[in-house]
Structure formats: structure tokens, C-alpha cells
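Trainee: Kindly generate the corresponding structure for this input.
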Amino acid sequence: MKNTFGNQIALTIFGESHGTGIGVVLDGLAPGIPVDEGFIRSQLQKRRPAGKISTARREADEYVIESGVFNGHTTGTPVCIVIPNTAQRSGDYAATRSKARPGHADYTAYCKYHGFEDYRGGGHFSGRITAGLVAAGGILIPALAAKGIGIATHISRCAGIDDRAFEDPAADTVALNQADFPVLSPEAAQKMQEAIELAAQEGDSVGGILETLITGLPAGLGEPWFDTVEGMLAHALFSIPAVKGVSFGDGFELADQRGSAANDPFRRENGRIITTKNSNGGINGGITNGMPLLIRCAVKPTPSIYREQQTVDFMTGENTVLQIKGRHDPCIVHRARIVADSICALVIADLLAGRFGTDYLGGEE
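Mentor: Take a look at the predicted model:
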């Protein structure tokens, strides 16, 4: 199993949903990056469940930085962050151990790991593992902000309900990063939450689309073929559980346009070369052009639903039915937004280190 992503800055995840704990190792960070533990806690809070629109499992996410940080700054050695698990209820999974939950990795994990996998709560495949990613993002996001790079994600669509598009990148970024429920339109936020609650009442779930905006990037990041900006971001974003599609700029809508509509005209303005629109999402030829990156992620409905479903007992080979128990999210889109922010921060930090050197994000002595 490969659990490491990144070139100059690499992140390794570890742990299982119902094990003693989870965490990350972040290697390749420059020395001198400020580490604000209050900010890390606030980021983790955005990922935690809340109210009727989330699971009843409530983890404190009290993390411990085991190495790589001293006197409030990175030392340049690997940063290891451990988050203990404290609210497991493993008995919820014993009765269905060999029944493949539709939409989950139970069967594929069994095929790959020959029955030795930790099946409780999805084990290493669980969305619980993303807490470590968010903790790492709590270091990377401020380091990028210090270089003038902003990252913000909103729920563009949930349960068929649309939020408004980004209008003022600076103001929208601030608003979203302060919001518990990341939507730009208050009316859309209310309708989305009502739809999520209705799905929960009916024992079902909903999905949606996350839209991430990254501003302040220099032109020239990325490579023209296998390490394109789109390729690196998509590779990382597809690691988020339930993400089934990633697109950039106008994405699949470009397929129905002519070149005259899809192209982004260039102009020089106030000493900078810009494009007059951004259908290509800030990327040409796999390389940033200096315009904002615009990324969309399709998030499928949470597969854990309380309705009876057909399945197979993969140990006996018999067809059977399954009705799950336990504590599950009727929607994970609102919790996944901070994971998307954190994953994007990792990729951008890695690209910057590859372009400008590993000390690019470091602090002054």
C-alpha cells in the first residue's frame, strides 16, 4: 500500500478509523515556517461533524506534534502529527464484517489484503484519515498565505441546489474561510441544510460539488506532461474519499464550445499579463498562467445509508441483504471542503518548492 504523496514536500498518512490513532508525516518542509497550533485546531474544527447534517461520532481531534516543530517553527526535519481516536464503536461493524457495503471498499480491500485488513469503520479507507491531512494543511495554508496565495472552497452544489459563483475572490476567500457551512449564498445554505436533513430522516444521503479557488499563484508552476498542475492536483484530490470527478475551469462544458469561446484572450494590464476571462482555470499546457486556479470536485452521496440494500457475503459467496447500523453522515460535502483546501495546499507547496527551491516557504533567521 502506498501512503505517500509529493516530490519535494511529501506527506505520508497512517492509521485506521478504529485503531488507537491516525496521523501524518510531512517531510521536506523548510525550516522556519511558523506553526500556529490555534489555527490547526480551527482547521480541524471545520472538518468535525456538527448537528443533524453530520454523523453522531464526535472525535475531539486533540492532536500531538511529535517532531519537526520547535519554539513555534518548523525545524526542517519531518513533522509528525498524531491524532488519537477516542470515540470508536467497533461493535457496529462485527455483524457485517463479510457483507460488502455497496459503495464502500470492503470487498476491494478484502481482495487486495487477503482478509488481513482492519475492517472496522472502513479501516485505513475511512474518511477519518483525512483529519491528519487537515492538520498538515494547518501548517501549509498559512505558509502559502504569507506568500500571498489564498485558498478557499465552497459547496457549489448540494442535493441539486446551487450556490452563487465566486464574484470577488478576495472577499469570498475571507468569507468562506470563516464560515462553518461553506456557502456564499445564505439562501442556498439554508436550502442545502434542509435537503441534507430530509435525506437523513429518510435513511438516505446526498452528494454535491466542491469548487476551490486558488489565488496569488505565479505563472510558470508545473510541468508540460506527467506532472502538470491539473495532473498533480487531480491525483491528490482523487484521494479524498467519495470524490468521483475533478475538473478545471469550465471543465466538461468546454467540450460543447468552439475554440473562439473556450480560449481565454490575453491582455497586458497594470504591468501584468492577464486573461480577460478564465475558462481554462488558470492553466495552459499544464502550467499556471498567473490567473486564479478554479477546481471542481464531484462528491458522491455518502455510501453508508440506513436502507436495506442487496449485497454479497464475500466469504461465503452467497447473495444476501444488508441494512447498516452505526453513526454515519447523510452528507460529507461540507466536511470535505477543508480537506480539499488542505490537499490543494500540499500540492501547491510542493510545486513551489520544485520551482523555487525547498527553502521558498521558510522563515528568516
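Trainee: all helices of this structure, in order?
Mentor: 37-47, 91-94, 106-113, 130-145, 169-178, 186-201, 229-237, 259-262, 333-356 (DSSP state H).
Trainee: Pull the distance from the longest one to the chain's centre.
Mentor: Meaning helix 333-356. In terms of CA atoms, centre = their mean, to the nearest Å, the gap separating the centre of helix 333-356 from the centre of its chain is 8 Å.
Trainee: in that helix, what counts as buried?
Mentor: Under the neighbour-count criterion of 16 or more other CB atoms under 10 Å, helix 333-356 has 333-355 buried. Every residue, glycine included, has its C-beta placed from N, CA and C.
Trainee: before we move on, back to that, can you check which of the helices of the chain gets nearest to Val299?
Mentor: Among these, the nearest to Val299 by CB to CB is helix 333-356 (5.0 Å).
Trainee: still on that earlier bit, in CSV: the helices of the chain, plus mean pLDDT and distance to Arg272.
Mentor: Below are the helices of the chain laid out as CSV (pLDDT from 0 to 100; distance: least, CB to CB, whole Å):
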stretch, mean pLDDT, distance to Arg272
helix 37-47, 96, 30
helix 91-94, 64, 55
helix 106-113, 93, 48
helix 130-145, 98, 20
helix 169-178, 96, 15
helix 186-201, 96, 33
helix 229-237, 98, 19
helix 259-262, 96, 23
helix 333-356, 97, 18
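Trainee: Would you mind giving these as JSON lines with distance to Ser279 added?
Mentor: Converted to JSON lines, these look like this (distance: least, CB to CB, whole Å):
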{"stretch": "helix 37-47", "distance to Ser279": "30"}
{"stretch": "helix 91-94", "distance to Ser279": "46"}
{"stretch": "helix 106-113", "distance to Ser279": "37"}
{"stretch": "helix 130-145", "distance to Ser279": "25"}
{"stretch": "helix 169-178", "distance to Ser279": "16"}
{"stretch": "helix 186-201", "distance to Ser279": "24"}
{"stretch": "helix 229-237", "distance to Ser279": "14"}
{"stretch": "helix 259-262", "distance to Ser279": "6"}
{"stretch": "helix 333-356", "distance to Ser279": "20"}
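Trainee: Of all those helices, which one comes closest to Met315?
Mentor: Per CB to CB, nearest to Met315 of those: helix 106-113, 8.2 Å.
Trainee: And the closest one, what does it pack against?
Mentor: Helices and strands touching helix 106-113, by 3 or more CB pairs under 8 Å, 6 or more residues apart in numbering; DSSP states H and E: there are none.
Trainee: Just the CA coordinates for it, please, in CSV.
Mentor: Provided in CSV are the C-alpha atoms of helix 106-113 (Å, rounded to 0.1, in the frame of the first residue of the first chain):
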residue,chain,number,x,y,z
ASP,A,106,-15.0,-3.6,1.9
TYR,A,107,-14.8,-6.1,-1.0
THR,A,108,-11.9,-4.5,-2.8
ALA,A,109,-9.9,-4.2,0.4
TYR,A,110,-10.6,-7.9,1.1
CYS,A,111,-9.4,-8.8,-2.4
LYS,A,112,-6.2,-6.7,-2.0
TYR,A,113,-5.2,-7.5,1.6
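Trainee: Okay, now the unreliable bits of this structure?
Mentor: 1, 55-58, 87-95, 327, 364-365 (pLDDT under 70).
Trainee: how about a cut-off of 80?
Mentor: 1, 49-52, 54-60, 87-96, 325-327, 363-365 (pLDDT under 80).
Trainee: Measure how buried Ile209 is and give me the count.
Mentor: Neighbour count of Ile209, defined by other CB atoms under 10 Å: 18.
Trainee: That one touches Arg296, doesn't it?
Mentor: Yes: using CB atoms under 8 Å, Ile209 is in contact with Arg296, at 5.7 Å.
Trainee: Name the residues contacting each of these two.
Mentor: Jointly contacting Ile209 and Arg296 under the rule CB atoms under 8 Å, 6 or more residues apart in numbering are Ser156.
Trainee: any idea how far Gln8 is from the closest residue to Gly363 other than its chain neighbours?
Mentor: Leaving aside its chain neighbours, Gly363 sits nearest to Gly32 (2.9 Å; criterion: CB to CB, 6 or more residues apart in numbering). Noted for Gly32: a distance of 16 Å to Gln8, by CB to CB, to the nearest Å.
Trainee: what do you get for Ile240?
Mentor: Ile240 is 22 Å from Gln8, by CB to CB.
Trainee: For the nearest residue to His124 once chain neighbours are set aside, give me phi and psi.
Mentor: Sequence neighbours aside, Glu16 is the residue nearest to His124 in space, at 5.2 Å (criterion: CB to CB, 6+ apart). As for Glu16, its main-chain torsions (degrees, to the nearest 10) stand at phi -130, psi 160.
Trainee: count of neighbours near Glu16?
Mentor: 22.
Trainee: cool, and Thr173?
Mentor: Around Thr173 there are 22 residues (other CB under 10 Å).
Trainee: now it: how far from Gly222?
Mentor: From Thr173 to Gly222 the distance is 22 Å (CB to CB).
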